[in-house]
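Asks: need a 3D model of the following:
(2 chains)
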Amino acid sequence: MFFLYPLGSILRAALDGSVLLDERTWVVVRRALGFTLYQAALSTLFTLLVGLPLAYLFARYRFPLRSLWRIAVAIPFMLPTVVVAAGFNAWLGDRGWVNLTLMRAFGLPEAPIPFSGTLTAIVTAHVFYNTTLIVRILAYTLEHMDPRLEQAARVLGADGWRVFWHITLPLLRPALLAAASLVFLFDFTSFGVILLLGGPQFATLEVEIYVQGVHMLNLSLAALLSVVQLLCTAALSFLYGRLLAQVIAPIAPRPAEVNLRTPCRWAERAFVGLMVLLLIALFVLPMVSVPIRSVARLEAARGERGEIRYGLTADYYRELFINRRGSLFYVPPLQAARNSLLFALLTVLLSLALGIPAAVALSRQNVWARRMDVLWMLPLGVSGVTLGLGFLLAFRRAVAFPGLVPLAHTLIALPLVIRTLQPALVSIPSHLRQAARVLGASPWRAWWRVEWPILRRAVLAAAAFAFTVSLGEFGATLLLTRPEYPTLPVAIYRFLSQPGGLNYGQAMAMTTILMLLTAAGVLLLERLRMPGSQF
Amino acid sequence: MRPVIVVLLIALAVLTACGPRQPATLTVMTHDSFAASEEVIRAFEQEHNVKVTFLASGDAGTALNKAILTKDAPLADVFYGVDNTFLSRALEAGIFEPYRSPLLTEIPTEFQLDPEFRALPVDYGDVCINYDKAYFAEKGLPLPQTLEDLTRPEYKGLLVVENPATSSPGLAFLLVTVAHFGDPGYLEFWKALKKNGVIVAPDWETAYYTHFSASSGRGPHPMVVSYGSSPAAEVIFAEKPLEDAPTASLVGPGMCFRQIEFVGVLKGARNRALAQKFVDFMLSVRFQEDIPLQMFVFPVHPQARLPEAFVKYVQVPEQPVLMDPARIAAHRERWIRAWSEVGWIIMD
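Replies: Residues are numbered from 1 along each chain as shown, chains lettered A, B, ... in the order given. Alright, predicted model coming up:
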């Protein structure tokens, strides 16, 4: 009701028949849909290629700073796109380090690697954002896989690759499917990345909805595009349900520690080393320019040419605490951080309270469950613009109430939570539960003693998702924002919307705070000991 | 899950429905870029024993959409932030009711675009090309004097513009070219610009901070479509006090677009008398003098004193482009579509 009703109201209000008859409409739809599917498929493929080895790395090997590296993969998920675009441009853009170094080394007049405004940029940014989905969901399954199967294959003479190909990968299929379907949906509805890094030649459905709805005020075309996008999401989720049913092989999960080992053979060390390099190149470098820029000042007065020298400064952070212009809309950083955290915690609680029962219900394999599954995934397929206008029509005055914020965030986090829990749930063999029941446990006790301990880690992973989604959600298109309850992303955009070095520096400082909060939150969630934990 | 959410929503509805009723409340719907001094707003609140609540509703287009969609049961009493490119749409949708503020007599008539007084002018600003002063000085490059100059080889690859489909300064600059070159003529100019290596950014933030060389983002390009007031902001928000602005605007005749922003009383406002008082207040010198440093646009009231930085660093164009809002409303979609078909589309 919190989702379908608003959606229904906006579609009813905006759709009219004439748009269906207009020939131009279908040209727009066809072009946008084609490109959307193409870039989503490409991005998902590359995200899998990066995410799968990383998940293997995190699940199986002990190496220095393991949990910190893991966080580095998780942070991008909540970063504002403007900041990410700036980070990537500083690293790979026409004047980025890579191109400048190459130009200097070979005396080239122009940047040798085109990046901004290319499909490569879009795909790279999608990989940057969504790898965490693959890593989290796959690492969970890999960690808890029964090592005896792989050991048996080894004993029978299979080498490492064969074991991976014939044993590990097939066991991984449900998780792989869940993760890939999520990544595909996220790429499918991608908005900021396409708009900021792609340039005007690329338009996905979501971008087209935004352009038509907001800049052309052409609501009926926007509504039609939303319906197309929604139908695609439903079809994809349905497909996922069908595929999932075919690949499940329930095997009792084992404690995570049994799978962890220290790399000792040279091939293993090379693998770990290579993966860490990948982590640095793809995740750390694009992000690191933000905290650096938040404490670095351009030494030469701007406008002077020549070498740019940097000086260290804490001015930007100090400045955050000063309401220099006495503005009514000044955002105190602590208050923004507090609001963001409060909304994030509420989102975690709400989405778990709704997501766990939903995932349990969905894991019962029947037709009904599959149909419901499609319904749960729909929020991912709806554009923020459409949903925002729908909220407005459906809830009128309540739409400015800050209590709605965690509810709206929950709506977005819920599909993630369910998809994270689902592979874990379906992999629990039913005989474990049945054994408990035979031994006299009540249904509730059987659940608490058998399923919950197995689910625990997956619940934490889901909580981390809900947390990051809420922290990074900009939300102004979704709801009406009350300046009294600013969040960190809102504050960042406020700074970036005006020129001036101080504004830029403060935006970077605010983003750094947001990054640190996310890292701390995710770290804390991963360390959390939950009641009833057995291992 | 259904019952949980129903209960929550009922709780919400109850909470929002029965707050304390005094003092009276006035709700003002704005776009996200609205800003004002706390002190100024408090003064209004005290004078009229009212609590003013602001609803930031997304960017200018989103906010207007929201106002239009809820016009039968408006969420606010006053709407601020519709500009001359969206004005006709707002008036056609009939979201405002006429209010002939007594203060209008003090405002120059050139800003009063609605003869029926539904939308009243509050502020204006110019969208102009900003340039990196040091770059042009160092290269000894003369400044482009006209739009045509921008297609000359010495300016190849120097200019960054915003996509008119996704950015309001981008649209403003497109309108400048339409005004100058005429209807199909502007497309020829854009083709020439494209050949001359113009960069198209999706929005102002990216254009200015990622591409423009004189901003703190230190991009590679020395000219960007921005605002006439940006050089003043560069001085006011400098990391270290600056002697002079690092940027300036190209303000030749017909090279800038004048954006005017309007306020209006929403039809069906619960508190019409107070809403009208607030509109008066926005046109008064007190509020008008607060505008420049909060929103970096000019007050429409001629007696409002400008801050020093504005007088010193903001160049006022001699003949900015002022296009009839009805003409913009009638053609904007077609102009933008034709622009995007100039050949920016690589994928099909």
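Asks: skip the chain neighbours and tell me the closest residue to residue B:328.
Replies: Among residues not flanking residue B:328 along the chain, residue B:85 sits closest, at 5.2 Å (CB to CB, 6 or more residues apart in numbering or on different chains). Every C-beta, even on glycine, is put in place using the N, C-alpha and C of the backbone.
Asks: and the residue nearest to residue B:284 when sequence neighbours are not counted, what does it touch?
Replies: Spatial nearest neighbour of residue B:284, chain neighbours left out: residue B:103 (6.4 Å); criterion: CB to CB, 6+ apart. Shown in contact with residue B:103 (CB atoms under 8 Å, 6 or more residues apart in numbering or on different chains): B:280, B:283-284, B:301.
Asks: show me what the helix or strand containing residue A:224 is packed against.
Replies: Using DSSP states H and E, residue A:224 falls within helix A:219-247. In terms of contacts (3 or more CB pairs under 8 Å, 6 or more residues apart in numbering or on different chains; DSSP states H and E), helix A:219-247 is packed against helix A:4-14, helix A:18-21, helix A:23-60, helix A:169-188, helix A:205-210, helix A:367-377, helix A:384-395.
Asks: now the closest residue to chain A within chain B. Its backbone dihedrals?
Replies: When scored by CB to the nearest CB, chain B has residue B:237 as its residue closest to chain A, at 2.4 Å. When read as degrees, to the nearest 10, the backbone of residue B:237 gives phi -100, psi 30.
Asks: and it, what does it touch?
Replies: The contact partners of residue B:237, taken as CB under 8 Å, 6+ apart, are A:498-503.
Asks: if we can go back for a sec, okay if I get the helices and strands packed on helix A:219-247 as JSON lines plus mean pLDDT and distance to residue A:148?
Replies: Below are the helices and strands packed on helix A:219-247 laid out as JSON lines (pLDDT from 0 to 100; distance: least, CB to CB, whole Å):
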{"stretch": "helix A:4-14", "mean pLDDT": "72", "distance to residue A:148": "46"}
{"stretch": "helix A:18-21", "mean pLDDT": "66", "distance to residue A:148": "59"}
{"stretch": "helix A:23-60", "mean pLDDT": "87", "distance to residue A:148": "15"}
{"stretch": "helix A:169-188", "mean pLDDT": "85", "distance to residue A:148": "12"}
{"stretch": "helix A:205-210", "mean pLDDT": "82", "distance to residue A:148": "46"}
{"stretch": "helix A:367-377", "mean pLDDT": "70", "distance to residue A:148": "31"}
{"stretch": "helix A:384-395", "mean pLDDT": "73", "distance to residue A:148": "47"}
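Asks: CSV for these, including mean neighbour count?
Replies: Shown next, in CSV, are the helices and strands packed on helix A:219-247 (neighbours: other CB atoms under 10 Å in any protein chain shown):
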stretch, mean neighbour count
helix A:4-14, 18
helix A:18-21, 12
helix A:23-60, 19
helix A:169-188, 22
helix A:205-210, 26
helix A:367-377, 16
helix A:384-395, 25
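Asks: can the ones you listed go into CSV with extra columns for distance to residue B:337?
Replies: Below are the helices and strands packed on helix A:219-247 laid out as CSV (distance: least, CB to CB, whole Å):
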stretch, distance to residue B:337
helix A:4-14, 20
helix A:18-21, 15
helix A:23-60, 9
helix A:169-188, 25
helix A:205-210, 12
helix A:367-377, 33
helix A:384-395, 19
